[in-house]
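Chemist: Sequence plus predicted model, see below.
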Amino acid sequence: MPESFFILSKEYLELAIDEITAISKMYDRFSKIKVISNLVIVQSKTDWEKIAERATFVKTSGQILRKMSGLFLNEEKFEVLKNAKTFVCRITNLSSNQFNTQELESSMGDMISKFSKAKVKFDNPDIIVYLIFTEKENFFGFSRKNENVDRPEKMKNHPNELDWRLTRIMLNLIGLKKGETVCDPFCGTGTTLLEAESMGIHGIGIDFNEEMCKITKENLKANGFKSEIFQADFHKISEIATNFDGIVTDLPYGRNSKTAKEPKDTLREFFSTIPKKKRFAIMFKRELGDGLKLKGLKKYEIYRHKSLTRTILVK
């Protein structure tokens, strides 16, 4: 079965690893995952590009051609360059060994040129050839040049709106597929809905603040998106429970909540309102979760600054 590699940013490494795992299992529940530091190896029938296009914190990805005990290259390994006109070599060293990366990349380029008709090109080549070194194993693989993906536009923002990267990762962690529907009961400026629709996921937004609903509609319209918007409080989810497959939201807190209720009370009441058997990923200020007795959930801590740590709960 084909193997793919994903080198992840270390910024939110646990989240990033679990995201790759969730996406892989969503497409192929028999996928096998191996983690080496910030390198994730996925054995799956799913193409690596399909996984990478949904992932948030992937720095580099591609297909593994073979594992290597040492640096031994021959013509058979460069079949991938058969129809390529240009290539470049890249070394990723995740081991404690020291390499002259530039010299090794240059030597690889010279060697590969002898076995193929492709020429070295540093700017946007057809194929990128990778050597990945870890403490115990080395991997030889390749990647193709990527087209730039347009990000959803926002006509209006809010200083406390949900980070699009964490939004996207939450959508992936609950395994929402194209054609399914996500509900954001505190949709704010529509970040969840914009990310969802850019991934082929339908959206339903709820917010009791009329101004936020207007901003969300403007942001959706600017991208040609069709998510449904309700001006209501979060109890609306009980009424429309059959219309969505999962919930992704960032619970407002403090002055941002614009409600007479204490944020802790809002969080408890919200959890009691979530329809049974619905998948969800919910972010909130860590202190608000003190005393919550929720079993069977995955919890992540997101440090923002010394006075604010966010919690993400995933089911």
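Modeler: Arrived safely, thanks for sending.
Chemist: ok, residue 88 - how many residues close by?
Modeler: A count of nearby residues for residue 88, using other C-beta atoms under 10 Å, gives 22. The C-beta positions use only the backbone N, C-alpha and C, and glycine is treated the same way.
Chemist: Which strand or helix spans it?
Modeler: For residue 88, the host element (DSSP states H and E) is strand 86-93.
Chemist: same deal with residue 171?
Modeler: helix 164-173.
Chemist: What of residue 46?
Modeler: Applying DSSP H and E, one finds residue 46 in no helix or strand.
Chemist: For the residue nearest to it when sequence neighbours are not counted, what are phi and psi?
Modeler: Closest residue in space to residue 46, ignoring its immediate chain neighbours: residue 27 at 4.2 Å, by C-beta to C-beta, 6 or more residues apart in numbering. Backbone torsions of residue 27, given as degrees, to the nearest 10, read phi -80, psi -30.
Chemist: Over to residue 107?
Modeler: phi -60, psi -40.
Chemist: Using the centroid of this structure, identify the residue furthest from it.
Modeler: residue 114 (38.5 Å; C-alpha atoms, centre = their mean).
Chemist: what about that residue, which SS state?
Modeler: helix (DSSP: H, G, I helix; E, B strand; the rest coil).
Chemist: any idea of the pLDDT on it?
Modeler: Predicted confidence (pLDDT) for residue 114: 77.
Chemist: So for the strand of greatest length in the chain, what gets flagged as buried?
Modeler: Using DSSP state E, we find that the single longest strand of the chain is strand 58-68. Of the residues in strand 58-68, 58, 60, 61, 62, 63, 64, 65, 68 count as buried by neighbour count, 16 or more other C-beta atoms under 10 Å.
Chemist: now, which of those sits nearest residue 94?
Modeler: Closest approach to residue 94 among those (C-beta to C-beta): residue 60, at 11.3 Å.
Chemist: now that closest one, which residues is it bridged with?
Modeler: residue 7 (DSSP bridges).
Chemist: quick one: it and residue 121, what's the gap?
Modeler: 18 Å (C-beta to C-beta, to the nearest Å).
Chemist: same question, residue 1
Modeler: 32 Å.
Chemist: Please say which of those two ends up with more neighbours.
Modeler: residue 121 (15 against 11).
Chemist: coming back round to it: helices or strands next to the longest strand of the chain in the packing?
Modeler: strand 3-8, helix 48-52, strand 127-133, strand 138-144 (3 or more C-beta pairs under 8 Å, 6 or more residues apart in numbering; DSSP states H and E).
Chemist: Go again with 7 Å.
Modeler: Helices and strands touching strand 58-68, by 3 or more C-beta pairs under 7 Å, 6 or more residues apart in numbering; DSSP states H and E, are strand 3-8, helix 48-52, strand 138-144.
Chemist: Now tabulate the ones you listed in CSV and tack on mean pLDDT, distance to residue 16 and mean neighbour count.
Modeler: Listed next are the helices and strands packed on strand 58-68 as CSV, based on pLDDT from 0 to 100; distance: least, C-beta to C-beta, whole Å; neighbours: other C-beta atoms under 10 Å:
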stretch, mean pLDDT, distance to residue 16, mean neighbour count
strand 3-8, 96, 4, 22
helix 48-52, 95, 12, 19
strand 138-144, 90, 18, 19
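Chemist: Run through the chain and note the low-pLDDT ranges.
Modeler: 68-79, 147, 159, 253-261 (pLDDT under 70).
Chemist: what pairs with whatever helix or strand residue 313 lives in, and is each one parallel or antiparallel?
Modeler: Using DSSP H and E, residue 313 sits in strand 308-314. Sheet pairing of strand 308-314 (DSSP bridges) gives strand 279-285 (antiparallel), strand 298-305 (antiparallel).
Chemist: Let's see that strand as CSV, backbone CA atoms only.
Modeler: The C-alpha trace of strand 308-314 is given here as CSV (Å, rounded to 0.1, in the frame of the first residue of the first chain):
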residue,chain,number,x,y,z
LEU,A,308,-5.2,33.6,28.0
THR,A,309,-5.1,29.8,27.3
ARG,A,310,-7.8,28.3,25.1
THR,A,311,-9.2,24.8,25.4
ILE,A,312,-10.5,22.7,22.5
LEU,A,313,-12.8,19.8,23.3
VAL,A,314,-13.4,17.3,20.5
